[in-house]
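Participant: generate coordinates for the sequence data below:
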Amino acid sequence: MQLLKDMSIRKKLVAIIMLTSIISLSAASVGFISIDIISSKRSVIRKISTLARTIGINSKAAVIFKDQNSAAETLSALSSEPDIIYACITDTNGNLFTEYVFKNQEKEKTDSGQYLKFDKFLALNSQWSSYMGASYMFYKKHLCMIVPIYFEKESPGGIYLCTNLASLYSGILWNIVFCISILCGCAVLAYFISVKLQKTISDPVLELSRIMKKVSAEKDYSVRVEPHYPDELGILFEGFNNMLAQIQERDDALMFTHYAVDHMGDMAFWIDSEGLIIYVNNAACIFLGYTSDELVSKDTSIVNPNSNPDTWRAHWNDLIDEQAVTMETILTAETGDTFPVETNLNYVRFKGKEYCCAFVRDITNRKRIEAQLHQAQKMEAIGTLVGGVAHDLNNILGGLVGYPELLLFDMPPEGPLVKPLVQILKSGEKAAAIVQDLLTLARRGVAVEEVVNLNEIIDEYLKTPEYEKMIQYHSGIKFKLNLEPDILNIRGSFFHISKALMNLISNGCESIKGNGEVFITTQNLHLDLPYVGFQNIPEGDYVVLSVSDTGIGICVEDRSKIFEPFYTKKKMGRSGTGLGMTVVRGTVEDHKAFIDIMDRKGGGTRFDIYFPVTREPTKANIKDFSYDAYRGSEKILVVDDVEEQRDVASNLLGYLGYTVETVPSGEKAIEYLKNKTADIILLDMIMAPGIDGMETCRIILGHNPKQKIIICSGFSETIRVKQALKTGACAYVKKPYRIKEIAAAVREALDRKPDI
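Facilitator: Model prediction:
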């Protein structure tokens, strides 16, 4: 049985069929041979018994009259029976009367090993069997039989015969050989039949086994076994398919749940009653900077600095009572950074065990927005207050500044009151500057209707006496400019932007102890994606004003306070009023702009103000540019996923006389070109969702290598842009669009002759 266990099902079926066939045939053969032996022995007994009685009848008279010759002559008739090797007739006392020995036994008739001669003691053996009055005994090679001779119910003697069993054994041996031959032939036939027929069982079972291995290895529960069989195997296969269907349905539901939890934006933790983490989702690993293996089986204190066995037990008891608890706490990332989170704890009992299912949400942005809202409310309250105060102070300062000037006009320079009046006048001017800042702070909704150019504002400020005075006061500081030549226009107040610029530069100078540098930079910038800095800046086109310094910098704790009124670390009255950065913040808000603060590489601080772009020209710029050299009537296809960008490009190019059509994606562009044509394509590099500009360019040029394409992007010339240019794009234009740049790029690409 152990051997069968180790065999394959094919070999098992063949072995079982073979064993069954051989055992059955062997049993039949043994039965047949046994019956043959028994029947052959009985046949010999009957034959010898009949022969002995015949001899007895023929020799009865010779025995009665003691005629040995006649008896011998009767026995000599046995020569026709070659199997009778010895015969004798005995008298009444059992003594030998006459005997017969077969001629082949004559030489050895004294050798009782060749045959059994008559011996009265032999006849007295109790093991002799009887058959119809005759007694017989089977020996190894002989059969001996004694048949009494009766005369008138008395026995004057008996007949003793010894026959050779060689013929009997020969016939039996032949039958055995025959049976063995039949057995072997049937075994071979059974083997070939079993090899053929076992496939009807083994093939379906092996197919089922193959499917099971595939399911086990690939975890693919969608496969099915074809139930071609109307028997129990068909029922088994149908049951297996039903089981797979149920597992697939359950697995899909489980995978959907697991996928949803693992890819949700919030962090998810499964925690046991002892405070050990047993599961974390992908969001938790990304937020915290750990791998799943680094968190699982660890105590919650690894991510929560406020967690310890005592606090966890208290939270656990509250959770059991309430079933659900919401709380705010702090988590610590792998880098050591901490951030506030809102945690929803849920009590779960599963398979007899208790767990805490915690969903954790990062509320850093919410806290920032709440702080900004609080700051805005505070600024609103302060603005309301200082607006009224500044109005009254302005009325008072009008006389405080005006009258000293009038008095000084009528006094001689050497008068004793000149110096006090000059001091009063300077104090009044300083007070007036503070009031002006207060009025700026109190202003709400500055009318932004003037189209201005940021470079022009900077140029005008650099010519002011305030700037000249600042250079003289901070003689160890160098001012460096890096202004983008083709800066786009913005809508705003020339005066308020200039005031904000002055405060940023002044703030940078005050942060430098000794020698240093202040950098003033402008640039056009297109954000394809929202940017998260000091403020959340949405995607779009901006003109960015940057003022950076090499000073002592601003610590993180102070960054949220520098825009509060009267907050300053400088000496009030000597280095500032405490309202400069508040004025900057108000100007940013009034212009619907955004501000970002960051540390400058090498030390110092950098302020970036993002002003929304306008496509309207300034009055001076309207006659600065001639469009005639860039006009055209060709057909242009604009491909961009942002509707505003498509409109800007369409209006700019339409103003130059071009026929413009737009599509929102690379896929739409490819579909458009199947039925229509365009002289040139303006193709955005980053588009979502769907294929980007590089892939779109590759597909379009694959169908039409002569198609002219201009790549557009808000980023610098990236690797993907360079790849697009190598693929066959004509040029690269940086966003936000400037009419001179886009007009020149389109006209140059259209006028370029194709390569031969």
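Participant: got a pLDDT number for residue 1?
Facilitator: The score at residue 1 is 56. That number is its pLDDT.
Participant: how close does residue 524 get to residue 456?
Facilitator: Here residue 524 is placed at a distance of 15 Å from residue 456 (C-beta to C-beta, to the nearest Å). Where C-beta positions appear, they are placed from N, C-alpha and C, glycine not excepted.
Participant: which of these two has more neighbours?
Facilitator: Taking neighbours as other C-beta atoms under 10 Å, residue 524 and residue 456 compare with residue 524 leading, 20 against 15.
Participant: and the helix or strand hosting that one, what other elements does it pack with?
Facilitator: Using DSSP states H and E, residue 524 maps to strand 516-527. With contacts taken as 3 or more C-beta pairs under 8 Å, 6 or more residues apart in numbering; DSSP states H and E, strand 516-527 sits against helix 454-461, strand 477-483, helix 494-510, strand 540-549.
Participant: quick check: angle from that strand to helix 454-461?
Facilitator: Inter-element angle recorded for strand 516-527 and helix 454-461: 160 degrees (by axes from the mean of the first three to the mean of the last three C-alpha atoms, to 10 degrees).
Participant: tell me where the stretch 1-150 of the chain has helices.
Facilitator: Taking DSSP state H, counting those that start in this stretch to define them, one finds helices in the stretch 1-150 of the chain at 2-5, 9-58, 60-64, 68-76, 120-123.
Participant: turn the ones you listed into CSV, columns for distance to residue 294 and mean neighbour count.
Facilitator: Output for the helices of the stretch 1-150 of the chain, formatted as CSV (distance: least, C-beta to C-beta, whole Å; neighbours: other C-beta atoms under 10 Å):
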stretch, distance to residue 294, mean neighbour count
helix 2-5, 46, 8
helix 9-58, 47, 16
helix 60-64, 119, 19
helix 68-76, 113, 17
helix 120-123, 102, 13
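Participant: between those helices, which one is nearest to residue 217?
Facilitator: Comparing those against residue 217 with C-beta to C-beta, the closest turns out to be helix 9-58 (20.0 Å).
Participant: among the helices and strands packed on strand 516-527, show the one with the smallest mean pLDDT.
Facilitator: helix 494-510 (a mean of 87).
Participant: so what's the residue nearest to residue 460 when sequence neighbours are not counted up against?
Facilitator: Counting by C-beta to C-beta, 6 or more residues apart in numbering, residue 498 is the residue found nearest to residue 460 once chain neighbours are left out, at 6.8 Å. Residue 498 sits next to 457, 460-461 when contact means C-beta atoms under 8 Å, 6 or more residues apart in numbering.
Participant: given the strand holding residue 524, what are its sheet partners and their directions?
Facilitator: With DSSP bridges as the test, strand 516-527 is paired with strand 477-483 (parallel), strand 540-549 (antiparallel).
Participant: tell me the angle of the helix or strand containing residue 744 relative to strand 516-527?
Facilitator: Residue 744 belongs to helix 739-751 when assigned by DSSP H and E. Orientation check (the same axes, to 10 degrees): helix 739-751 against strand 516-527 gives 50 degrees.
Participant: is it true that residue 533 touches residue 599?
Facilitator: No - counting by C-beta atoms under 8 Å, residue 533 stays clear of residue 599, with 11.8 Å between them.
Participant: neighbours around residue 213, how many?
Facilitator: By other C-beta under 10 Å, neighbour count at residue 213 equals 10.
Participant: by neighbour count, which bits of stretch 281-300 are buried? Give me those.
Facilitator: Within stretch 281-300, the residues that count as buried by 16 or more other C-beta atoms under 10 Å are 281, 283-285, 287-288, 290, 295, 298-300.
Participant: which one of those residues is nearest residue 196?
Facilitator: In terms of C-beta to C-beta, no member of these lies closer to residue 196 than residue 281, at 56.9 Å.
Participant: what residue spans form the domains of this structure?
Facilitator: Domain ranges of the chain: 10-172, 201-260, 263-362, 367-441, 447-612, 628-751, per automatic domain parsing.
Participant: farthest residue from the center of the chain?
Facilitator: Taking C-alpha atoms, centre = their mean as the measure, the residue most remote from the mean C-alpha position of the chain is residue 65, 119.2 Å away.
Participant: that residue and residue 580, how far apart?
Facilitator: Separation of residue 65 from residue 580 (C-beta to C-beta): 173 Å.
Participant: same thing with residue 695?
Facilitator: Taken as C-beta to C-beta, the span from residue 695 to residue 580 is 49 Å.
Participant: quick one, which of the two is more surrounded?
Facilitator: Shown here are residue 695 and residue 580; by other C-beta under 10 Å, residue 580 has more neighbours (23 against 16).
Participant: was I right about the more buried one contacting residue 505?
Facilitator: No - assessed by C-beta under 8 Å, residue 580 is found out of contact with residue 505, at 10.1 Å.
Participant: where does the stretch 51-200 of the chain dip in pLDDT?
Facilitator: By pLDDT under 70, the low-scoring segments of the stretch 51-200 of the chain are 104-114, 120-126, 198-200.
Participant: strands of that one, residue ranges please.
Facilitator: Assigned by DSSP state E, counting those that start in this stretch, the stretch 51-200 of the chain shows strands spanning 84-90, 96-101, 129-131, 134-138, 142-151, 154-164.
Participant: over to the stretch 301-450 of the chain?
Facilitator: With DSSP E, counting those that start in this stretch as the criterion, the stretch 301-450 of the chain has strands at 324-332, 338-350, 353-362.
Participant: for the second one, output the C-alpha coordinates as CSV.
Facilitator: Extracted C-alpha coordinates of strand 338-350, given in CSV (Å, rounded to 0.1, in the frame of the first residue of the first chain):
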residue,chain,number,x,y,z
THR,A,338,6.0,65.8,13.6
PHE,A,339,2.6,66.8,12.2
PRO,A,340,-0.9,67.1,13.6
VAL,A,341,-3.5,64.5,12.8
GLU,A,342,-7.1,63.8,13.5
THR,A,343,-7.6,60.2,14.5
ASN,A,344,-10.9,58.2,14.4
LEU,A,345,-10.6,55.1,16.6
ASN,A,346,-13.2,52.3,16.1
TYR,A,347,-13.6,49.2,18.3
VAL,A,348,-13.7,46.0,16.2
ARG,A,349,-14.2,42.4,17.4
PHE,A,350,-13.1,39.8,14.9
